[in-house]
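Engineer: Output the structure for:
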Amino acid sequence: MDETKLLQTLTKVVSALNATGITFAVAGGCAVYARGGPPSDHDVDIFLKEEEAEAALGALEAAGMVRVVPPEDWLVKVYDGEVLVDLVFRPNYQPVTDELFERATWMRVGPTAALVISATDLMVDKLLVLDAHRCDFVPLLRIARDLREQVDWQTVELSAGESPYARAFLALLGDLHISDGTGSGHTSPPAAEESA
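Structural biologist: Next comes the predicted model:
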């Protein structure tokens, strides 16, 4: 997928949703790109609340996009030509919250600007997708390197640590000195917390 086409679609999505007053944040590969990581070549991911999904679909259809019915129950989808747009309201089966939007940052993403989820939330989301069928660390390693100073690694470990795949990846990052305290807010937990 051409990066230019993705950014053009993202710009259309942002314009259409801004006109509705719906609160949303850019996630996925476009968020990685906005935060200085490798360019996305897959699709456009938007996080929003479930109760806003139908209104968002209507706005994107009015902008010329085509609704499709996915088998999953945690997102809805539209196509802008050949570019897929995922409107995700339960990433990794956790609801999108006001707190997620509060942690997001208003940033430029190619020719547009929008709220972009925090690097910490982005890393948690990407780690929780890992499973026996999706366990390719190579693209994640590049993202972690590029975004490492923006990530609170302690929060990532607390949020994604139940996944054995996430733990394995975080151990690799530690061995490579990528997550060794360079992230914002990363500190060792007090001894009292460990015994609580």
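
Engineer: tell me the mean pLDDT over stretch 177-190?
Structural biologist: Averaged across stretch 177-190, pLDDT comes to 53.

Engineer: show me the contacts for the residue nearest to the spatial centre of the chain.
Structural biologist: For the chain, Ala27 is the residue whose C-alpha lies nearest the centre (C-alpha atoms, centre = their mean; 3.2 Å). By C-beta atoms under 8 Å, 6 or more residues apart in numbering, Ala27 lies in contact with Asp45, Ile46, Phe47, Val88, Pro91, Val116, Ile117, Asp121, Leu122, Asp125. The C-beta positions use only the backbone N, C-alpha and C, and glycine is treated the same way.

Engineer: Pick the one among those closest to Ser15.
Structural biologist: The shortest approach to Ser15 among the contacts of Ala27 belongs to Ile46, at 12.7 Å (C-beta to C-beta).

Engineer: Could you name the helices and strands sitting against the helix or strand where that closest one lies?
Structural biologist: Element membership for Ile46, per DSSP states H and E: strand 44-48. Applying 3 or more C-beta pairs under 8 Å, 6 or more residues apart in numbering; DSSP states H and E, one finds that strand 44-48 makes contact with helix 3-18, strand 24-27, helix 28-34, strand 83-88.

Engineer: could I have the third one exported to CSV, CA atoms only?
Structural biologist: Extracted as CSV, the C-alpha positions of helix 28-34 are listed here (Å, rounded to 0.1, in the frame of the first residue of the first chain):
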residue,chain,number,x,y,z
GLY,A,28,-1.9,1.9,14.6
GLY,A,29,0.7,2.4,11.9
CYS,A,30,-0.3,6.1,11.3
ALA,A,31,0.2,6.8,15.0
VAL,A,32,3.6,5.2,14.8
TYR,A,33,4.5,7.3,11.7
ALA,A,34,3.2,10.5,13.5
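
Engineer: Make 806 the first number, not 1, from now on.
Structural biologist: All set: I'll call the first residue 806, so the last point we hit is now helix 833-839.

Engineer: for that helix, packing partners?
Structural biologist: helix 808-823, strand 849-853, strand 910-914, strand 917-921, helix 924-933, helix 942-952.

Engineer: coming back round to it: would you tell me what the next helix or strand after the strand holding Ile851 is?
Structural biologist: With DSSP H and E, the next secondary element past strand 849-853 is helix 858-867.

Engineer: sorry, back to before: residues making contact with the strand holding Ile851?
Structural biologist: With contact meaning C-beta under 8 Å, 6+ apart, strand 849-853 is reached by 811, 814-815, 818, 822, 827-836, 861, 885, 888-894, 896, 901, 905, 922.

Engineer: Thr825 against Ala864, yeah?
Structural biologist: Yes - between Thr825 and Ala864 a contact is recorded at 4.8 Å, counting by C-beta atoms under 8 Å.

Engineer: Please say which of these two ends up with more neighbours.
Structural biologist: More crowded of Thr825 and Ala864, by other C-beta atoms under 10 Å: Ala864, with 20 against 15.
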